[in-house]
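Enquirer: Prediction below, plus the sequence it came from.
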Amino acid sequence: MPKIKLYFKFVKHYLMYKYIRKIEHELLRLKGIFKVVTVTGPRQSGKTTLCKMAFPDYNYINLEDETVLTELELNRKSYIERYCHGLIIDEVQRMPELLSTVQVVVDTVPDCNIVLTGSNNLLLSQKVTQSLAGRTAVLNLLPLSLSELNENDLELSDYEIMFRGFYPAVWSNHVPATDAYRQYYNTYIQRDIRQLSNIRHLNEFRQFIVISASRIGCEFNAQSISNELGVSQPTVQEWTNMLEATFVAFRLQPFYRNISKRLVKTPKVYFYDVGLVCYLLGITNAHQLETHPLRGQIFENMVIVECLKHQFNHGLDNNLYFYRDQGQHEVDLVIDDGLQTLKAFEVKLSPTIHPDFYKNLHYFRALFEHETKLSMVINTGRDDAPDPITGHINYRNIDKFLSEPIAGQN
């Protein structure tokens with residue numbers, strides 16, 4: 001009977017969440033090394049389901065539950081000690097002081113197995129650094145990747161994929177994209193932002209996040225946004241930090257070496273999910289994207305986040321950059337793998353290839369001749385031969401492509 005119950009428990013989880021997350025392998029590997037593993041990422045990206053499926057026998061508590069919070073307030077240490085041999089603590093940012101208690105328990109009780117999840121990047125990382133340094137591994141789980149969707153025979157147009165975005169609810173629960181992102185913004189983003197900062201001008205903040213969505217792929221200019229909104233530049237900076245802290249948007253930093261040319265050192269801003277971008281821009285169906293003036297930037301945003309998902313799902317650091325110099329030579333994406341290994345990519349929403357697509361790649365390759373091992377175009381066309389100089393790859397195969405070793409390298 002226990003085996004039958006376990007089988008039905010697995011089937012229930014599978015039907016609820018049919019997409020197997022690639023990061024699970026890394027989660028299990030790290031759990032064999034560290035007593036505590038911390039999984040962070042955007043709200044509704046699948047952290048809870050991932051942890052429950054990876055550790056089905058662990059006890060589970062959710063700090064969004066006020067009853068649990070009340071019980072923990074009475075005696076945190078004894079509560080954690082009671083379940084520490086197999087415990088998932090969800091939304092730990094709601095009670096950051098609990099991390100100090102986890103530290104004490106981990107240091108005094110042998111064979112602890114604790115998994116923490118959190119949706120607040122800034123506060124959580126600070127507390128983890130202070131309380132659990134050397135005791136925990138940290139993983140970032142972003143929404144579904146294209147490779148995870150491809151395993152379920154994804155047969156949608158490029159514009160339909162961009163419009164839907166990658167949050168599990170849109171794919172697993174078949175929630176219409178516009179409804180899903182409207183509720184996501186109203187329920188999670190506004191609430192989490194308020195918890196981090198006492199924002200008094202909600203209308204201006206809504207305008208700010210829409211402006212930010214309209215400038216994806218552009219260099220961040222706080223002064224320009226400040227002038228447009230009529231709020232101070234420090235306020236714009238604070239709001240941008242809030243978007244990063246709540247896993248809504250992130251800054252892509254410029255790539256530079258100690259070379260004679262003075263490079264632009266202003267980051268670009270991208271969103272973690274393009275479905276949310278489409279909602280914020282008022283795009284209500286995939287057909288609107290076909291002629292939308294920002295369709296190229298939205299595609300670029302999607303591709304860059306897919307590369308970021310590849311890094312995080314393999315337990316790697318964020319080593320993504322863009323390149324631009326004063327001569328307006330620009331490369332959309334540079335991946336710095338260290339050991340003098342650079343990969344440069346141009347991102348084009350085009351099924352065909354034009355020679356001009358390679359102009360800046362050739363320039364970059366000449367500038368960093370000994371370091372650049374690969375320079376290619378990522379587009380919507382069929383994969384070309386993997387020529388590291390003039391080749392191109394379809395964006396749906398990014399994860400597979402980045403997982404393969406570069407020819408001639410170990």
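Expert: Structure's in. What do you need?

Enquirer: Distance of residue 366 relative to residue 326?
Expert: Look at residue 366 and residue 326: by C-beta to C-beta, to the nearest Å, they are 17 Å apart. C-beta: built from backbone N, CA, C; applies to glycine.

Enquirer: Might you list the low-confidence residue ranges for the stretch 251-400 of the chain?
Expert: 258-264, 384-388 (pLDDT under 70).

Enquirer: mind listing the strands for the chain?
Expert: 36-40, 59-62, 87-90, 114-118, 136-140, 249-254, 268-271, 320-324, 330-336, 342-347, 372-379, 392-394 (DSSP state E).

Enquirer: Nearest residue to the middle of this structure?
Expert: residue 142 (3.9 Å; C-alpha atoms, centre = their mean).

Enquirer: The stretch 151-300 of the chain: helices as residue ranges?
Expert: 158-164, 168-172, 177-183, 190-196, 202-214, 222-229, 233-245, 274-280, 286-289, 295-313 (DSSP state H, counting those that start in this stretch).

Enquirer: The first one packs against which elements?
Expert: Using 3 or more C-beta pairs under 8 Å, 6 or more residues apart in numbering; DSSP states H and E as the contact definition, the elements that helix 158-164 packs against are helix 274-280, helix 286-289, helix 295-313.

Enquirer: Quick check: which of the ones you listed is nearest to residue 188?
Expert: helix 274-280 (10.5 Å; C-beta to C-beta).

Enquirer: What distance do you get for residue 140 to residue 313?
Expert: Taken as C-beta to C-beta, the span from residue 140 to residue 313 is 9 Å.

Enquirer: Pipe the strands of the chain into JSON lines and attach mean neighbour count and distance to residue 297 per row.
Expert: Listed next are the strands of the chain as JSON lines, based on neighbours: other C-beta atoms under 10 Å; distance: least, C-beta to C-beta, whole Å:
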{"stretch": "strand 36-40", "mean neighbour count": "25", "distance to residue 297": "27"}
{"stretch": "strand 59-62", "mean neighbour count": "16", "distance to residue 297": "37"}
{"stretch": "strand 87-90", "mean neighbour count": "24", "distance to residue 297": "35"}
{"stretch": "strand 114-118", "mean neighbour count": "26", "distance to residue 297": "30"}
{"stretch": "strand 136-140", "mean neighbour count": "20", "distance to residue 297": "23"}
{"stretch": "strand 249-254", "mean neighbour count": "19", "distance to residue 297": "13"}
{"stretch": "strand 268-271", "mean neighbour count": "24", "distance to residue 297": "9"}
{"stretch": "strand 320-324", "mean neighbour count": "21", "distance to residue 297": "13"}
{"stretch": "strand 330-336", "mean neighbour count": "20", "distance to residue 297": "10"}
{"stretch": "strand 342-347", "mean neighbour count": "24", "distance to residue 297": "10"}
{"stretch": "strand 372-379", "mean neighbour count": "22", "distance to residue 297": "14"}
{"stretch": "strand 392-394", "mean neighbour count": "20", "distance to residue 297": "19"}
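
Enquirer: picking that back up, would you mind giving the helices of the stretch 151-300 of the chain as a markdown table with distance to residue 96 and mean neighbour count added?
Expert: What follows is the helices of the stretch 151-300 of the chain, written out as a markdown table (distance: least, C-beta to C-beta, whole Å; neighbours: other C-beta atoms under 10 Å):
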| stretch | distance to residue 96 | mean neighbour count |
| --- | --- | --- |
| helix 158-164 | 34 | 21 |
| helix 168-172 | 26 | 21 |
| helix 177-183 | 26 | 18 |
| helix 190-196 | 11 | 16 |
| helix 202-214 | 24 | 17 |
| helix 222-229 | 28 | 15 |
| helix 233-245 | 13 | 18 |
| helix 274-280 | 26 | 25 |
| helix 286-289 | 40 | 17 |
| helix 295-313 | 22 | 22 |
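
Enquirer: Need these in a markdown table (columns: distance to residue 48).
Expert: Shown next, in a markdown table, are the helices of the stretch 151-300 of the chain (distance: least, C-beta to C-beta, whole Å):
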| stretch | distance to residue 48 |
| --- | --- |
| helix 158-164 | 22 |
| helix 168-172 | 11 |
| helix 177-183 | 17 |
| helix 190-196 | 16 |
| helix 202-214 | 25 |
| helix 222-229 | 34 |
| helix 233-245 | 20 |
| helix 274-280 | 20 |
| helix 286-289 | 29 |
| helix 295-313 | 17 |
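
Enquirer: quick one, which of those helices is nearest to residue 69?
Expert: Taking those one by one with C-beta to C-beta, helix 190-196 is closest: 14.0 Å.

Enquirer: Which strands and helices lie in contact with that closest one?
Expert: helix 233-245.

Enquirer: In contact with the residue lying closest to residue 290 once chain neighbours are set aside, which residues?
Expert: Closest residue to residue 290 apart from its sequence neighbours, by C-beta to C-beta, 6 or more residues apart in numbering: residue 159 at 5.6 Å. Shown in contact with residue 159 (C-beta atoms under 8 Å, 6 or more residues apart in numbering): 286, 287, 289, 290, 295.
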